[in-house]
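Asker: Prediction below, plus the sequence it came from.
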Amino acid sequence: MPERTGILLLVSGPSGSGKTTLCRRLADEGEARYSTSCTTRPCRPGERDGHDYHFLSREEFEKKIAADEFLEHATVHCNSYGTLKSEVSGHLAMGRDVVMDIDVQGASLVRECQDACIRRALVDLFVMPPSEGELRARLTARNTDDEQTIALRMKNALEEMSHWSTYQYRLLSATREEDYTRFKSLLMAERLRVSRIHDEHTP
Ligand code: 5GP
C-alpha cells in the first residue's frame with residue numbers, strides 16, 4: 001500500500017497567467033505526473049503529440065466521449081479539450097500526485113465528480129495574472145496567435161478570471177521563481193494532510 005493517497009492538483013487560470021509553465025516544471029522536477037489532455041485544436045509549432053496534448057480529430061474525440069473515457073471535457077476557444085480518466089485515476093491510487101491544467105468549466109466538472117478517490121485527492125488553484133495590462137502584454141509576447149485569436153483569448157481570460165473565488169487557493173502571479181516557490185509549497189503542505197496518510201505510520 002502506498003504511504004499516502006495521491007493529490008490531484010488542478011490548476012486553472014487564463015492563457016498568459018503562467019499556469020502551464022508551473023505545472024510542467026513541477027512534473028519535470030518529478031514532483032507530480034502531468035495529466036496530458038486530449039484536444040481537437042491544431043498542434044502549435046514546437047508542440048509534441050502525446051506530450052503537450054493528445055491531438056485528436058473531432059471523430060476520435062467523439063469516440064472517447066461515447067466510450068466514457070473522459071473524467072471531464074469542455075469546449076474552450078471553439079475547440080474541445082478533455083482529461084482522460086487513464087491519465088489520473090490509476091496514478092492517484094498508487095499514491096502518485098497528478099497535476100492538471102484545465103479551464104474553469106473543467107474544474108467545476110471535476111468538483112462535481114462523485115468518485116471518492118478524486119474527491120479526496122482534489123486540490124484546486126487559480127493562477128491570476130498581476131494585472132489586465134500585464135496579461136495583454138504576455139498574450140501578445142507569446143507570438144503564437146494572430147490578433148483575432150489574442151482578442152478572443154483576452155475576452156475569455158476576463159470571463160475566466162471572474163471565477164477565481166470558486167477555487168480553494170489563488171496564486172497572484174509575480175515573478176516566475178516566486179510563483180513556482182509558492183506553487184510547490186502548496187503541494188508540499190498538502191502532502192502533510194493527516195487525511196492522506198495511511199495510519200501504519202502511527203508510532
Ligand atoms: P491552450 O489551447 O492554450 O493549450 O489551452 C486553452 C485552455 O484549455 C487553457 O485554459 C487550458 O487550461 C484548457 N485545457 C487544457 N486541457 C484541458 C482539459 O483537458 N480540459 C479542460 N476543460 N480544459 C483544458
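Answerer: Looks like it came in fine.

Asker: Residue 9 should be in a strand, yeah?
Answerer: Yes. Counting by DSSP: H, G, I helix; E, B strand; the rest coil, residue 9 is located in a strand.

Asker: show me the contacts for it.
Answerer: Residue 9 sits next to 23, 26, 32, 97-100, 123-125, 186-187, 190 when contact means Cβ atoms under 8 Å, 6 or more residues apart in numbering. C-beta here means a position set from N, CA and C on the backbone, and glycine is covered the same way.

Asker: does the closest residue to residue 110 other than its chain neighbours belong to a helix or a strand, and which?
Answerer: Once flanking residues are discounted, residue 110 sits nearest to residue 72: 5.4 Å by Cβ to Cβ, 6 or more residues apart in numbering. Secondary-structure assignment from DSSP states H and E places residue 72 in strand 70-76.

Asker: Determine the set of other helices and strands touching that strand.
Answerer: Using 3 or more Cβ pairs under 8 Å, 6 or more residues apart in numbering; DSSP states H and E as the contact test, the elements touching strand 70-76 are helix 58-66, strand 79-84, helix 104-112.

Asker: backbone phi and psi for the closest residue to residue 18 other than its chain neighbours, please?
Answerer: By the measure of Cβ to Cβ, 6+ apart, the closest residue to residue 18 outside its immediate chain neighbours is residue 173, 5.5 Å from it. Here the main-chain torsion angles of residue 173 (degrees, to the nearest 10) amount to phi -60, psi 140.

Asker: returning to what we had before: so for the residue nearest to residue 110, what's the pLDDT?
Answerer: In this prediction, residue 72 carries a pLDDT score of 98.

Asker: Over to residue 143?
Answerer: Here the pLDDT value assigned to residue 143 is 66.

Asker: can you check residue 137 too?
Answerer: At residue 137 the predicted local distance difference test score is 87.

Asker: elements contacting the helix or strand that contains it?
Answerer: Element membership of residue 137 [criterion: DSSP H and E] is helix 132-141. The criterion is 3+ Cβ pairs under 8 Å, 6+ apart, and the helices and strands that helix 132-141 contacts are helix 147-161.
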